[in-house]
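Asker: just need the structure, nothing else, for what follows:
(2 chains)
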Amino acid sequence: MHELSITRSMLEVVAREMKKSGVKRLKKVSIRVGELTAVEPDALRFCFDESIKGTPLEGAALDIENVPLSGKCDRCGTEFRIEAFSNACPKCGGNDIERTAGTELDIISIEAV
Amino acid sequence: MHEILIEEKILSRNNEIASGNRAFFKERKIFAVNVVSSPGAGKTALLERAVPALKDRVAIAVVEGDLATDLDAKRVGRFGVPVRQITTGRACHLDAHNISHVLPWVEEQGAVGLLLMENVGNMVCPAEYDLGEALRLVVMSVAEGDDKPLKYPAIFSSSDVLVLNKIDLLGHTDFDIERARSNALRINPYLKVFETSCRTGEGIDRLCAFLEGEMIRAKK
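Answerer: Just a heads-up that it's a prediction; the model follows:
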């Protein structure tokens, strides 16, 4: 279960940023998880809650923005949600699809006091 | 209340270390391959075929990732190439940090041209961890379901090469190789697909010729 090591990496970034800003109490961490990542949001949430239990971060919330797999057709420029990994443009049927979103695994921001 | 904007990849630290590994490989003209698959698809068997086929043409070193034991390192070590075992303990994947620790060992082996890094058998976790490889190779076997690419899209979308292994078993299972191929290409249209049997040796020469070509291309 790599959600635990992902959580650890996330908390390292959080600790670094909190130190930099001189804040003490973490309220919320906002992250972005793409559809095409090997990350299960529920497992991530579980690991997050368990990892901060009994630490000064306890009680902080994890806000996960799920990003659907999206693409853009190179031929007609249509932007669309990719359903069932289809590589065809829903408008013109073209097969040159550039994937524009869905592989994110980012930390967006934190809220702290 | 402060909102502190970060906007950074969660695995940015891993990616930084991976970039360092990649620079190390590039500087020494080492072609590094990250071999991933579920347990039992034939990663080690593939190395047991590829190593003897390539070792007279390029200096090879092998890194073996496993939760425990050095059984795989012993299997590959029989072919007279340097092998280093990494036991990850509880971790279900290799990360860039693991690899950065073995770079001094790689250096000690002299002029290595090809570094084969066998990841921990797992179709999920290794997908997110860049090791600094030039090429990611995913192995899938005929004894598995041909729908596997659709179930584990991340590993197929992040790989460059797909090896469909155990083709000597075709006909003994319900695996439809054309369906497997089209499922994988749906996830990743850029995948180069090879069919092999590590048991009979079928298809190994084509795969090795491709790897050699990629090594030459990378040097340019």
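
Asker: switch to C-alpha atoms for all contacts and neighbour counts from now on
Answerer: Will do.

Asker: shouldn't A:Cys73 be in contact with A:Thr100?
Answerer: No: counting by Cα atoms under 8 Å, no contact exists between A:Cys73 and A:Thr100, whose distance comes to 10.0 Å.

Asker: quick one: which of the two has more around it?
Answerer: Of the pair A:Cys73 and A:Thr100, A:Cys73 is the one with more neighbours under other Cα atoms under 10 Å in any protein chain shown, namely 22 against 14.

Asker: dump the residue contacts of the residue sitting nearest the centre point of chain B.
Answerer: In chain B, the residue lying closest to the centroid (Cα atoms, centre = their mean) is B:Val35, at 1.1 Å. B:Val35 makes contacts with B:43, B:116-119, B:136-139, as judged by Cα atoms under 8 Å, 6 or more residues apart in numbering or on different chains.

Asker: turn these into JSON lines, columns for distance to chain A, secondary structure and neighbour count.
Answerer: JSON lines is the format used below for those (distance: Cα to the nearest Cα, whole Å; DSSP: H, G, I helix; E, B strand; the rest coil; neighbours: other Cα atoms under 10 Å in any protein chain shown):
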{"residue": "B:Lys43", "distance to chain A": "20", "secondary structure": "helix", "neighbour count": "26"}
{"residue": "B:Leu116", "distance to chain A": "23", "secondary structure": "strand", "neighbour count": "21"}
{"residue": "B:Met117", "distance to chain A": "19", "secondary structure": "strand", "neighbour count": "26"}
{"residue": "B:Glu118", "distance to chain A": "18", "secondary structure": "strand", "neighbour count": "25"}
{"residue": "B:Asn119", "distance to chain A": "14", "secondary structure": "coil", "neighbour count": "25"}
{"residue": "B:Arg136", "distance to chain A": "16", "secondary structure": "strand", "neighbour count": "22"}
{"residue": "B:Leu137", "distance to chain A": "17", "secondary structure": "strand", "neighbour count": "24"}
{"residue": "B:Val138", "distance to chain A": "15", "secondary structure": "strand", "neighbour count": "25"}
{"residue": "B:Val139", "distance to chain A": "17", "secondary structure": "strand", "neighbour count": "26"}
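
Asker: helices of chain B, start to end?
Answerer: Shown for chain B, the helices assigned by DSSP state H span residues B:12-27, B:43-54, B:71-77, B:96-108, B:148-151, B:153-157, B:177-187, B:204-219.

Asker: quick one: the nearest residue to B:Arg22 once chain neighbours are set aside from B:Met1, how far?
Answerer: Distance criterion Cα to Cα, 6 or more residues apart in numbering or on different chains; nearest residue to B:Arg22, sequence neighbours excluded, is B:Gly132 at 4.4 Å. The gap separating B:Gly132 from B:Met1 is 39 Å, by Cα to Cα, to the nearest Å.

Asker: so can I have CSV of the helices of chain B showing distance to B:Gly65 and mean pLDDT?
Answerer: Formatted as CSV, the helices of chain B follow (distance: least, Cα to Cα, whole Å; pLDDT from 0 to 100):
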stretch, distance to B:Gly65, mean pLDDT
helix B:12-27, 16, 97
helix B:43-54, 11, 98
helix B:71-77, 9, 93
helix B:96-108, 9, 97
helix B:148-151, 22, 94
helix B:153-157, 17, 95
helix B:177-187, 25, 96
helix B:204-219, 21, 96
